[in-house]
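Undergrad: need a structure here:
(2 chains)
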There are 2 protein chains.
Amino acid sequence: MSAAPSKTAPGWTLARRTTLMNPSVIREILKVTERPGIISFAGGLPASETFAIEAFREACDAVLRNHGQAALQYAASEGFGPLREAVAAGLPWHPSPDQVLITSGSQQGLDLVAKVLIDADSPVLVEQPTYLGALMAFAPMEPQVHTVPCDADGVLPQALAEQASALRQAGKPARFAYLLPNFQNPTGRTLGVERRAQIAQVAQQHGLPLIEDNPYGDLWFDAPPPAPLAQHVPDGVIYLGSFSKILAPGLRLGFMVVPKALFPKLLQAKQAADLHTSGFSQRVAQHVLASGVQDQQVPRIRDLYRQRRDTMAQALQRYGAPLGVQWQVPTGGMFLWCRLPQPLSALHMLPQAVDAGVAYVPGAPFYVGQADDATLRLNFTNATPEQIEHGVALLCGVVKEALASSAQSPVSRTAA
Amino acid sequence: MSAAPSKTAPGWTLARRTTLMNPSVIREILKVTERPGIISFAGGLPASETFAIEAFREACDAVLRNHGQAALQYAASEGFGPLREAVAAGLPWHPSPDQVLITSGSQQGLDLVAKVLIDADSPVLVEQPTYLGALMAFAPMEPQVHTVPCDADGVLPQALAEQASALRQAGKPARFAYLLPNFQNPTGRTLGVERRAQIAQVAQQHGLPLIEDNPYGDLWFDAPPPAPLAQHVPDGVIYLGSFSKILAPGLRLGFMVVPKALFPKLLQAKQAADLHTSGFSQRVAQHVLASGVQDQQVPRIRDLYRQRRDTMAQALQRYGAPLGVQWQVPTGGMFLWCRLPQPLSALHMLPQAVDAGVAYVPGAPFYVGQADDATLRLNFTNATPEQIEHGVALLCGVVKEALASSAQSPVSRTAA
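TA: Residues are numbered from 1 along each chain as shown, chains lettered A, B, ... in the order given. Purely as a prediction, here's the structure:
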């Protein structure tokens, strides 16, 4: 029992794909910014005061009382039947519950999509910028990532058509285009009705599969977003959804809705990945959803987030506009996208901001290839209005200082 | 909003690796055998009457009362600190909590190992037969799977050394050997003290990394199993553990203990796979573990399973031995491995067994390459002693009939 630990160098060899894996830049930034006293707009956390904790307590109690043995036992890889039915019933294009695969957060849906659809060097299309976590999930399968030009309203259908067509003509059709139509992470932008119809048409004409990621769709502030792309081309879309934003992220529960022809392979990938998602969590979530508590809670979340977005936009207007800071006001979601005035770099300014007591995520990591490093992402859901007001004032103070020192030494941007 | 669904064939293309993904043979068999009235030895389920449901209720209540917001929020990818500490403290080679990565079941550990260590066509070594779920987790990364000869006590160290050496000399060293030292699935066999020391020596001499999978180690019946391989070569082993067998599988909680040099890449793979494992489940599990209820519960589970193993072995002695059925009595775990008398095939006999009201898993799917198709796996943890006695009697009745009909038509085995 007292074997001496080995002193020899072990023969570990890492797979080639690990060179494509990197620490999440955001998680690294979050570590720095988690020190007390910092007002952080860096994370992507929902407001934890909105979690229906009492409903969860009741649900846990009921599930364990009435179905304890089943809830704690191994379960079906597809997911818990009543939860799959609830998901299907809540979607406007009426997929079958058989098409719903419950995942360990919608992040797992991206991992499964990558495994099942990406070969090394096969092209995939993404928005520019796009969700960093998707790039991280796709990277291990070694795709060629091509970006599609976007404007303030999202991906440009004509550009998407041209890229899809060019790749097809080159004999390497894109495996899919990955799109976040609602309140995109990081930009907050939303695809309009007309553009969705055009994108659906492009998908059909060019045989371009779509991965539609919709973690934020329920967090609309003024009016629900337009119908999902999956409603236009149900067989041409894998749709990813999440319970993280309206129930709680700590359960790690998401789902994917999969065209029937693809379902078996995604299910096999799911089995191999973790056998199944926690049956206990699924039953608890289903119980909370069935209780109807979210019918009151979700409108409250929307009100809260709308108020915070407004506070942030007003503070930017007051403190940032005079300095030349630009931003886009999102109509839902969790993020507000900013651009610093020339010649500032959001990446290089971050340490000064943290010193001043405010944190954000620079926009650069969300870009593939050439980044607009004046951009930054501000989260407005996990800070109080007072913190938002104060944090934006602090941030704009840093911008003012940085502008002043760049005026004194105009080479600072390249030198930094 | 009323977009007509597409009629055109969508352009989905599956990744090459999907040809290596297959439905779990066991899950397919389980579906057939889940019809009422069947005595099933086919699954790998713990006895759900052993779940400490009351302790879980208390834990859920306490976690939600005292830490509800934190438990339901996003959390660290590494896992919940106190749970990592509890895991590290419970392991005999005293790893640092920093080396513990909490996973969504130990199955996820296999998926992460595959992503981080397997390139297409890189060799990996496995026991013959081995855990089917590991083969399923490795397959998408397209390894060359080499089997190592085993006997009733597990892998043969000399054979392991020869294979490792041959692969190294051929310029393609094995990325790892995957071993289940305790109460192996499917055979129930356990590596002895001496053989572990020899395997550790082989690993050191040949620079052969080991993946040590230990889901069943706590389920010993007579004496604890020998020290883990990780105690011999801590830097040369990734160790996988599970809470599924002593707490409950429905939480999907496992862990891996990773040499420090490898930890960052496995953490990055974990982030990309599902961000993190449910923080709520982790806190609940930590609370149940800290309550000490398992100190009483685990010995009860051992007693229960020992009794069931004994019942099964005695029933096989009574009904099977006269027919030439052979089996190995495991000293722990959940499975008993049998061999049918010549010329029977466990795969071909299964439909007759199901008709008679008893189910098992044929051994063939656990083999890589040439299978011993007389073998079958019997689970003894999820049936009462009465069911076990009756089920074995039924099974042996089927064996007797099959032997009789094969004597009448001696070509039946090849014809079947």
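
Undergrad: the stretch 101-250 of chain A against chain B: which residues are in contact?
TA: Residues of the stretch 101-250 of chain A lying close to chain B by Cβ under 8 Å from any Cβ of the partner chain are A:103-105, A:107-108, A:111, A:115-119, A:122, A:133, A:136-137, A:139-141, A:173, A:175, A:197, A:200, A:203-204, A:206-209, A:226-227, A:231-236, A:244, A:248-250. Quick note: C-beta positions are derived from backbone N, CA and C, even for glycine.

Undergrad: domain ranges for chain A?
TA: Listed domain ranges for chain A are A:16-45+A:295-415, A:53-291 (source: automatic domain parsing).

Undergrad: for the last one, measure first residue to last.
TA: Taking Cα to Cα, to the nearest Å, the first and last residues of domain A:53-291 lie 13 Å apart.

Undergrad: give me the distance from it to the chain's centre.
TA: Computed by Cα atoms, centre = their mean, to the nearest Å, the separation of domain A:53-291 from the middle of its chain amounts to 10 Å.

Undergrad: likewise stretch A:375-389?
TA: 17 Å.

Undergrad: what's the mean pLDDT across it?
TA: Averaging pLDDT along stretch A:375-389 yields 97.

Undergrad: can you check stretch A:198-205 too?
TA: Mean predicted lDDT for stretch A:198-205 stands at 97.

Undergrad: what sits against the closest residue to chain B within the stretch 301-416 of chain A?
TA: Nearest to chain B, among the residues of the stretch 301-416 of chain A, is A:N382, at 9.1 Å (Cβ to the nearest Cβ). Applying Cβ atoms under 8 Å, 6 or more residues apart in numbering or on different chains to A:N382 gives the contacts A:40, A:43, A:45-48.

Undergrad: apply 10 Å and report the result again.
TA: For A:N382, the contacting residues are A:40-49, A:305, A:308, A:334, A:388, B:73-74, by Cβ atoms under 10 Å, 6 or more residues apart in numbering or on different chains.

Undergrad: report the beta-bridge partners for A:Q326.
TA: Under DSSP bridges, the beta-bridge partners of A:Q326 are A:R339.

Undergrad: so which of the contacts of A:N382 are in strands?
TA: A:S40 (DSSP state E).

Undergrad: filter the contacts of A:N382 to the buried ones?
TA: A:40-48, A:305, A:308, A:334, A:388, B:73-74 (16 or more other Cβ atoms under 10 Å in any protein chain shown).

Undergrad: now, the most widely separated pair of those residues?
TA: Maximum pairwise distance in the buried ones among the contacts of A:N382, criterion Cβ to Cβ, is 19.6 Å, between A:I388 and B:Y74.

Undergrad: what comes up buried for stretch A:320-335?
TA: For stretch A:320-335, burial by neighbour count (16+ other Cβ under 10 Å) applies to A:320, A:323, A:325, A:327-328, A:330-335.

Undergrad: check the residues you listed and tell me the two furthest apart.
TA: A:L323 and A:G332 (26.9 Å).

Undergrad: got a list of what the closest residue in space to A:F366 that isn't next to it in sequence touches?
TA: Distance criterion Cβ to Cβ, 6 or more residues apart in numbering or on different chains; nearest residue to A:F366, sequence neighbours excluded, is A:P129 at 3.6 Å. Applying Cβ under 10 Å, 6+ apart, we find A:P129 in contact with A:135, A:147, A:150, A:184-187, A:337, A:363-368, A:371-372, A:375, A:377.

Undergrad: swap in A:R16?
TA: For A:R16, the contact set (Cβ under 10 Å, 6+ apart) comprises A:120, A:140, A:142, B:118-120, B:122.

Undergrad: so which of the domains of chain A is the most packed in?
TA: domain A:53-291 (a mean of 22; mean count of other Cβ atoms under 10 Å in any protein chain shown).

Undergrad: measure stretch A:315-327 end to end?
TA: 11 Å.

Undergrad: what's that stretch in contact with?
TA: A:188, A:312-313, A:329, A:336-342, A:344, A:374-376, A:378, A:380, A:385, A:388-397, A:399-400, A:402-403.

Undergrad: is the host helix or strand of A:D61 up against chain B anywhere?
TA: Using DSSP states H and E, A:D61 falls within helix A:53-72. Yes. Using Cβ under 10 Å from any Cβ of the partner chain, we find that helix A:53-72 touches chain B at A:53-61, A:63-65, A:67-72.
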